[in-house]
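[1] Quick one: sequence plus predicted model below, questions after.
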Amino acid sequence: PRIQRWVDAIFKVFPPASQAVVQRVGAPISDEAQRALDSEEAQRQKRAEPPEHFLCPITTDVMIHPVSTPLGHTFERHAVLEWI
């Protein structure tokens, strides 16, 4: 119980370090702490993925030099030049 309270306190103060602490200590974590960890991981993954409209349909990479067609389609400049 004492370690459990300590681990839960670490989760609240240092969320990014919490998983490493749990692995080192080997202590079980509460459901609340596990939900916080899962939520943190989901947010990290969501931030890591760019919006779909930032991706070139040809290269599927983030566009650095986007160009638009008269019809409103947007592509990466080098992908269009290689296509022509």
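    Nice, thanks for sending it over.
[2] ranges for the strands of this structure?
    66-68, 74-76 (DSSP state E).
[3] nearest to Leu55, of those strands?
    For the strands of the chain, distance to Leu55 was read as CB to CB. The smallest value, 9.0 Å, belongs to strand 74-76. C-betas here are computed from N, CA, C, even on glycine.
[4] Now do the closest one: which elements does it pack against?
    When contacts are defined as 3 or more CB pairs under 8 Å, 6 or more residues apart in numbering; DSSP states H and E, strand 74-76 sits against strand 66-68.
[5] List of residues touching the strand it packs on?
    In this structure, residues lying in contact with strand 66-68 by CB atoms under 8 Å, 6 or more residues apart in numbering are 56, 74-77, 80.
[6] how about 6 Å then?
    When contacts are taken as CB atoms under 6 Å, 6 or more residues apart in numbering, the neighbours of strand 66-68 outside the stretch itself are 74, 77.
[7] And the residue nearest to Phe54 when sequence neighbours are not counted, how far from Glu82?
    Nearest residue to Phe54 in three dimensions, chain neighbours excluded: Val62, at 5.2 Å (CB to CB, 6 or more residues apart in numbering). Taking CB to CB, to the nearest Å as the criterion, Val62 is separated from Glu82 by 17 Å.
[8] Equivalent analysis for Arg5, please.
    Distance check for Arg5 against Glu82: by CB to CB, it reads 60 Å.
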